[in-house]
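[1] After the sequence you'll find the predicted model.
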Amino acid sequence: MSSDVGNALFSELLMADQLVRNRLSKVLPKGMELSHFGVLNLLARLQTERTPAELARAFHVTRGAMTNTLTKLEWAGYVHIRPDWDDARRKMVAISPSGKAARDAALAAISPLIDDIAQTLGDARVRQTVPVLREIRLRLEGD
């Protein structure tokens, strides 16, 4: 691949990321940030507790940044944070029923945007694109 094609790819990825973040921020429920939605979405999908360190690694952020996000989510009643009974130095984070409801409301608000883009591109093109984007992500995670 020529450097021009690589540069164009990353330019498009960066611009798409910025546009998606702006659009999603506008439709998320009041007070919910993208970082909050990301954590709630992951916890809802996993349906199991995680430590703050595991969540920080999953989102490629510092432990301090994740602690800040989790503090806001706990204050809003969206997550439960408890001590780890096996290791008192650690904490365990789980999504609460109100957190699941907030995540579901956020998904409902986001769905029209996602559906519109997927419909415009067509199912076949989306299915072709997802593995390429996943491969890029996995490669970047490995670095």
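    Okay, I see it.
[2] Please, which helix or strand holds the closest residue to L42 other than its chain neighbours?
    Leaving aside its chain neighbours, L42 sits nearest to A58 (6.3 Å; criterion: Cβ to Cβ, 6 or more residues apart in numbering). C-beta coordinates here come from the backbone N, C-alpha and C atoms, glycine included. Element membership for A58, per DSSP states H and E: helix 52-59.
[3] Against R125, how distant is the residue nearest in space to the middle of the chain?
    The residue lying closest to the centre of the chain (Cα atoms, centre = their mean) is G38, at 2.9 Å. Per Cβ to Cβ, to the nearest Å, G38 is found 25 Å from R125.
[4] same question, G31
    Applying Cβ to Cβ to G31 and R125 gives a distance of 35 Å.
[5] next one: S3
    Remark: distance between S3 and R125 (Cβ to Cβ) = 25 Å.
[6] okay, those two: which has more neighbours?
    R125 (11 against 7; other Cβ atoms under 10 Å).
[7] how distant is the helix or strand in which the more buried one is found from the center of its chain?
    Using DSSP H and E, R125 sits within helix 123-142. Chain-centre distance of helix 123-142: 16 Å, with Cα atoms, centre = their mean, to the nearest Å.
[8] same question for that helix, mean pLDDT?
    For helix 123-142, mean pLDDT rounds to 91.
[9] quick one: the strands in this structure?
    Shown for the chain, the strands assigned by DSSP state E span residues 79-83, 91-95.
[10] Test for you: state the pLDDT assigned to the closest residue to R82 other than its chain neighbours.
    Closest residue to R82 apart from its sequence neighbours, by Cβ to Cβ, 6+ apart: M92 at 5.4 Å. pLDDT recorded at M92 is 97.
[11] do M1 as well
    The per-residue pLDDT reported for M1 equals 59.
[12] can you map out the helices along this protein?
    3-27, 34-46, 52-59, 63-75, 97-121, 123-142 (DSSP state H).
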